[in-house]
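Chemist: Okay, structure incoming, though there's no sequence with it:
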């Protein structure tokens, strides 16, 4: 359980809080004043309950010191005679919350529980948002699960099998696995197996000697040698012929190879990450993919989710692509309305993230205006694409979208409206039940509460 330091000059308050919080499982220390607290704060605490006023001292000064010296510590202020100005100042200095005395123990426990969950979430996000994860955009449950799997599998030397539809970003995941591994400073080599003719497979992967076949005018290293001490990605591995599968299996088993036309055996140290958009277990059952090769490759299987499974990430992905396009073209990208984002969210995206990037680029190029609306999005979506029926818009929403005089919204404003609309719809569908609404949105309950606070919404239940 988290550790808590109670700082209050009233002994009875310290005693009561220490007893209650200890029974709840917290590790509790207490201090009667700011000077004593500074001594105890030489050790790390997860949370601090801090009074505002002390004889000759000010708790806000200690708050400022804690935020500077230990920003990861959560501070909750409390006071029996603080005014609004003091509460605002405490918030600006970084206090998590402000409680008035006499304290409601029930409310205090809820705040402490929420603060602990927020700390855990921030810690997990920091862990997942390591340098290797910078190219992977999104904070949906599906994306957090993927990032967690990469964080665990990356440092391991074990082979990984990535599965997922076309366009989901399997090569980005493979590169993240490489950057998260001890091999990060060594080569990363990607090979598209479906693009290699069967008769050139051995030469491409294992290399050849001069004169090994017609056209071999000089010796050449294969992809395994190029990736020595690094990572080799075998994309579309399901497209390998039976003969190629046998050759690959031998190299994986022995960690050594012989170039085509050569006689010298070479040892190679390569971590293999394979990828496929096929159902390989079904291919094994059908006898078109070797079972022994599958188990050699799929030591750690990781599934890359389809975009329709993480539509919560659409605003962040659109923003990411707009920024990339802005850097490429040197032009400021257009603003997006919440209706445009909602139109994208109703589309099934058979081409996944790759298709989304193409759509964003097309919209930016073909619409030189300052704003992208739902009509622009509808015009570029493929006619055969799957679209869910859009919810009926309120008259004010229709007027807002139709009004040409409305100033362009920023993407951040559009994202907030988009998120607020979806959360309101989920809460309405679940009659205000937070647990069921969170499940409908694919969020943790604590994450939904955090979103409500960020959007200035009030939880009803």
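Modeler: Everything's here; your move. Because the structure is a prediction, the values reported are computed rather than measured.

Chemist: where in this structure is pLDDT low?
Modeler: 1, 82, 121-130, 383-416, 430-431, 442, 444, 446, 458-461 (pLDDT under 70).

Chemist: Now do the domain split for it, please.
Modeler: Listed by automatic domain parsing, the domain ranges of the chain are 3-126, 145-305, 309-429.

Chemist: Save these as JSON lines, and put in distance to residue 449 and mean neighbour count too.
Modeler: Using the backbone N, CA and C atoms, a C-beta is placed for each residue, glycine as well. Shown next, in JSON lines, are the domains of the chain (distance: least, C-beta to C-beta, whole Å; neighbours: other C-beta atoms under 10 Å):
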{"stretch": "domain 3-126", "distance to residue 449": "7", "mean neighbour count": "16"}
{"stretch": "domain 145-305", "distance to residue 449": "21", "mean neighbour count": "18"}
{"stretch": "domain 309-429", "distance to residue 449": "11", "mean neighbour count": "16"}
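
Chemist: how about residue 192, phi and psi?
Modeler: Main-chain torsions, residue 192, degrees, to the nearest 10: phi -90, psi 100.

Chemist: Ignoring the adjacent residues along the chain, who's closest to it?
Modeler: With sequence-adjacent residues excluded and distances taken as C-beta to C-beta, 6 or more residues apart in numbering, residue 192 is closest to residue 235, at 4.9 Å.

Chemist: which ones are touching that neighbour?
Modeler: Contact partners of residue 235, counting by C-beta atoms under 8 Å, 6 or more residues apart in numbering, are 170, 171, 190, 191, 192, 193, 194, 274, 275.

Chemist: what helix or strand does residue 85 sit in?
Modeler: helix 84-93 (DSSP states H and E).

Chemist: Identify the residues contacting that helix?
Modeler: With C-beta under 8 Å, 6+ apart as the test, helix 84-93 has contacts from 52, 60, 63, 64, 67, 77, 79, 82, 98.

Chemist: Please tell me how far that helix is from the chain's geometric centre.
Modeler: Its chain's C-alpha centre and that of helix 84-93 lie 33 Å apart, by C-alpha atoms, centre = their mean, to the nearest Å.

Chemist: what do you get for stretch 75-87?
Modeler: From the chain centre to the centre of stretch 75-87 is a distance of 36 Å (C-alpha atoms, centre = their mean).

Chemist: Just confirm residue 263 is within a strand.
Modeler: No. Residue state for residue 263 (DSSP: H, G, I helix; E, B strand; the rest coil) corresponds to coil; a strand is not indicated.

Chemist: Going along the chain, name the strands of the stretch 101-250 of the chain.
Modeler: With strands called from DSSP state E, counting those that start in this stretch, the stretch 101-250 of the chain shows them at 160-163, 188-192, 231-235.

Chemist: Tabulate those in TSV, adding columns for distance to residue 35.
Modeler: TSV is the format used below for these (distance: least, C-beta to C-beta, whole Å):
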stretch	distance to residue 35
strand 160-163	54
strand 188-192	55
strand 231-235	55
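
Chemist: To residue 287, which of those strands lies closest?
Modeler: Checking the strands of the stretch 101-250 of the chain against residue 287 by C-beta to C-beta gives strand 160-163 as the closest, at 18.9 Å.

Chemist: gap between that closest one and the chain center?
Modeler: Using C-alpha atoms, centre = their mean, the offset of strand 160-163 from its chain centre is 18 Å.

Chemist: And for stretch 78-98?
Modeler: Centre to centre, stretch against its chain (C-alpha atoms, centre = their mean), the figure for stretch 78-98 is 33 Å.

Chemist: Straight-line length of it, end to end?
Modeler: 6 Å (C-alpha to C-alpha, to the nearest Å).

Chemist: Show the subsequent helix or strand relative to the helix holding residue 85.
Modeler: Downstream of helix 84-93, the first helix or strand assigned by DSSP H and E is strand 97-100.

Chemist: Given that following strand, what are its sheet partners and their directions?
Modeler: Applying DSSP bridges, strand 97-100 is found paired with strand 74-79 (parallel).

Chemist: quick check: angle from the strand it pairs with to helix 84-93?
Modeler: Strand 74-79 runs at 170 degrees relative to helix 84-93, counting by axes from the mean of the first three to the mean of the last three C-alpha atoms, to 10 degrees.

Chemist: In the helix or strand in which residue 450 is found, which of the residues would be classed as buried?
Modeler: Assessed by DSSP H and E, residue 450 sits inside helix 445-454. The neighbour-count check on helix 445-454 (16 or more other C-beta atoms under 10 Å) flags 446, 447, 448, 449, 450, 451, 452 as buried.
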